[in-house]
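J.: Structure, please.
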Amino acid sequence: MQIGNKTITFRMSAAYVAKLALLTALSFALYLAKFNLPIMFPSFLEMQFSELPALLAGFSMGPVAGVLVVVFKCLLKFPLTSTAFVGELTDMLLGIVIVLPASLIYMFKKDKKHAALGLTASTILTVVVAVVVNRFISIHFYTELYFGGNFNAIVGVCSALYPNATADTFYAFYLGLGIVPFNLLRCAIMSLLTFLLYKKLSAILHWEGSSLIHRLSGVYESDSEEETFELAKKVANTLKGGETVLLSGDLGAGKTTFAKGLAAALGVEEEVTSPTFTVMNVYEDGRLPLYHLDMYRIEDESETEELGFEETIPQNAVKVVEWNKLQNLTGRVIDVKITGGDDNCRIFEISDSAEHKPHGKKEKIKKERTAPAKIAIEKGQA
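T.: Below you'll find the model as predicted:
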C-alpha cells in the first residue's frame, strides 16, 4: 500500500509470525490484567495497557503488525466476553486508534521527534473517539445490559464520584471528569513506556530469524553491493548503541559501501557519503545515532583528542570508523577487514570483541527475498 512516498508492505516470514505471536500473547496477558482506580474514576472504567506490545510491534514491524496485535488480542478475548462482544469491539477500535496513527507517523521518519509526535496524535485521537463511543454507544448499551434501561441506575453508580450529577448533566460529569482524564492518563503511561522500552528491546523487536546471540565473527564473501548491504544488515541487527565498527581495507575496497548498508539497516534515510574531507558525518534519523568517521587525513590519536571526538559522540551512538587511528577503544568493537578477491568479489573478515573466538569458516552471504533499503549509493564498491 502506497501512502505519499512511503510503501507499507506486508511480509510474512517465520520471524515475523514468531514476533507477532509473542507480542499478541503479551498483549492478551496485559489485557486480562485490568484494574480500576475507584477514587479517581468510576469502577467500571478499567485501566489496562495491552496496547503497549502493539505499539512496539507498530514501531518495529510496521503499522500492519501493530493493528494485527490489537485485533488478535481482542479476538482471543471473545470466548471470555461478558458484554456480548461490545466491550471487546470497543477496545479493538480504541486500540487501533492508539496504534495506527503513532506507527504511521513514526514510519515516515524514525526518530524521537516523530515518535513523540505520533504518540501525541494517537493520544488526542483516542480521547476524541473514546468520548464519542461512550456518549453514543457504550453507556446506552451497558444501561440496557446491566440496568434494564434504567439510566438513573448508572447515574447512581457514579454518585460517589459525581454527587451533583443528574440524569441531565451526567454526561458532562462522566465524559469531562472520567473519560477524558482516564484516557489521557492511560495513553500517557503507554507512551512513556514505549519510549523507555523500545530502544532497550530493539535487538529482539528487529530479530529476523537468526540466533539472538548474533555470532558475527567469521569470513564472508560478497559479489555485489546488495550482498554487502546484507552483511551490513546482519551486523546492524546486533547493535544496541555504543559499539565501534572499524572498517579497514585499501582504497575502493568497499568500506563506504558497507557503511551505507549499515546506515540503511539502522533506518537512516539521508544520503550517506564518505566523510573524507569533513572527517565526521552524523546521522540521527535512524533507530540509533550513527557517527561515521574517516581518519585518513588524521596523523595520530593525539589529533583526534584535539578534535574532541570523545566529547562530541554520545554514549549510545554507533561509531563507524574508516582508517582508524584510535588506540584505546572501550566497549564492543567490531573489526571489519575488507580485501579483494577474484573479479568483483570482496572478502570480509569480521572479528567481534563480544564473542569468545571467531569462526574460521568462510561464508557466502545469503540474499534475502526482500530488496535492500533504498539509499543513494555510489557506483562500484567504493
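J.: in the protein, which spans are helices?
T.: For the chain, applying DSSP state H gives helices covering 14-32, 51-61, 63-77, 86-108, 112-133, 139-147, 151-157, 170-174, 180-198, 202-205, 225-236, 255-265, 301-307, 309-312.
J.: Turn these into TSV, including distance to W323.
T.: C-beta: built from backbone N, CA, C; applies to glycine. Converted to TSV, the helices of the chain look like this (distance: least, C-beta to C-beta, whole Å):
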stretch	distance to W323
helix 14-32	36
helix 51-61	34
helix 63-77	40
helix 86-108	35
helix 112-133	31
helix 139-147	68
helix 151-157	72
helix 170-174	67
helix 180-198	34
helix 202-205	29
helix 225-236	18
helix 255-265	8
helix 301-307	12
helix 309-312	14
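J.: where among these is the average confidence lowest?
T.: With a mean of 68, helix 301-307 has the lowest mean pLDDT of these.
J.: Setting the sequence-adjacent residues aside, check what's closest to L193.
T.: Excluding the flanking residues, the one nearest L193 by C-beta to C-beta, 6 or more residues apart in numbering is L52, at 5.5 Å.
J.: I figured that neighbour was touching L196, is that so?
T.: No: with contact defined as C-beta atoms under 8 Å, L52 and L196 do not form a contacting pair (10.5 Å).
J.: Looking at the two, which one has more neighbours?
T.: L52 (22 against 10; other C-beta atoms under 10 Å).
J.: So the more buried one versus V64, what's the distance?
T.: To V64, L52 is 18 Å away according to C-beta to C-beta, to the nearest Å.
J.: do K34 as well
T.: 27 Å.
J.: repeat for L75
T.: 16 Å.
J.: Comparing the two, which residue is more hemmed in?
T.: More crowded of L75 and V64, by other C-beta under 10 Å: V64, with 19 against 13.
J.: Just the CA trace of stretch 256-268, in PDB.
T.: Taking C-alpha atoms only, stretch 256-268 is exported to PDB below (Å, rounded to 0.1, in the frame of the first residue of the first chain):
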ATOM      1  CA  THR A 256      31.900   3.300   2.400                       C
ATOM      2  CA  THR A 257      29.500   0.900   0.800                       C
ATOM      3  CA  PHE A 258      29.500  -1.200   3.900                       C
ATOM      4  CA  ALA A 259      28.900   2.000   6.000                       C
ATOM      5  CA  LYS A 260      25.900   2.800   3.700                       C
ATOM      6  CA  GLY A 261      24.500  -0.600   4.200                       C
ATOM      7  CA  LEU A 262      24.800  -0.300   7.900                       C
ATOM      8  CA  ALA A 263      23.100   3.100   7.900                       C
ATOM      9  CA  ALA A 264      20.300   1.800   5.800                       C
ATOM     10  CA  ALA A 265      19.700  -1.200   8.100                       C
ATOM     11  CA  LEU A 266      19.600   1.200  11.000                       C
ATOM     12  CA  GLY A 267      16.800   3.200   9.300                       C
ATOM     13  CA  VAL A 268      18.900   6.200   8.200                       C
END
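J.: Need the pLDDT of L293.
T.: Value for L293, per-residue pLDDT: 89.
J.: what sits against it?
T.: For L293, the contact set (C-beta atoms under 8 Å, 6 or more residues apart in numbering) comprises 275, 279-280, 309, 319-322.
J.: Look at L100 and say how many residues are nearby.
T.: 20.
J.: For stretch 219-235, C-alpha coordinates in PDB please.
T.: Provided in PDB are the C-alpha atoms of stretch 219-235 (Å, rounded to 0.1, in the frame of the first residue of the first chain):
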ATOM      1  CA  VAL A 219      34.900 -14.700   6.900                       C
ATOM      2  CA  TYR A 220      32.300 -13.700   4.400                       C
ATOM      3  CA  GLU A 221      32.300 -13.300   0.600                       C
ATOM      4  CA  SER A 222      30.400 -10.600  -1.300                       C
ATOM      5  CA  ASP A 223      30.000 -10.400  -5.000                       C
ATOM      6  CA  SER A 224      27.800  -7.300  -5.200                       C
ATOM      7  CA  GLU A 225      26.700  -4.200  -3.400                       C
ATOM      8  CA  GLU A 226      23.400  -5.900  -2.500                       C
ATOM      9  CA  GLU A 227      25.300  -8.700  -0.700                       C
ATOM     10  CA  THR A 228      27.500  -6.200   1.100                       C
ATOM     11  CA  PHE A 229      24.300  -4.500   2.300                       C
ATOM     12  CA  GLU A 230      23.000  -7.800   3.500                       C
ATOM     13  CA  LEU A 231      26.200  -8.400   5.500                       C
ATOM     14  CA  ALA A 232      26.000  -4.800   6.900                       C
ATOM     15  CA  LYS A 233      22.400  -5.500   7.900                       C
ATOM     16  CA  LYS A 234      23.500  -8.700   9.800                       C
ATOM     17  CA  VAL A 235      25.900  -6.500  11.800                       C
END
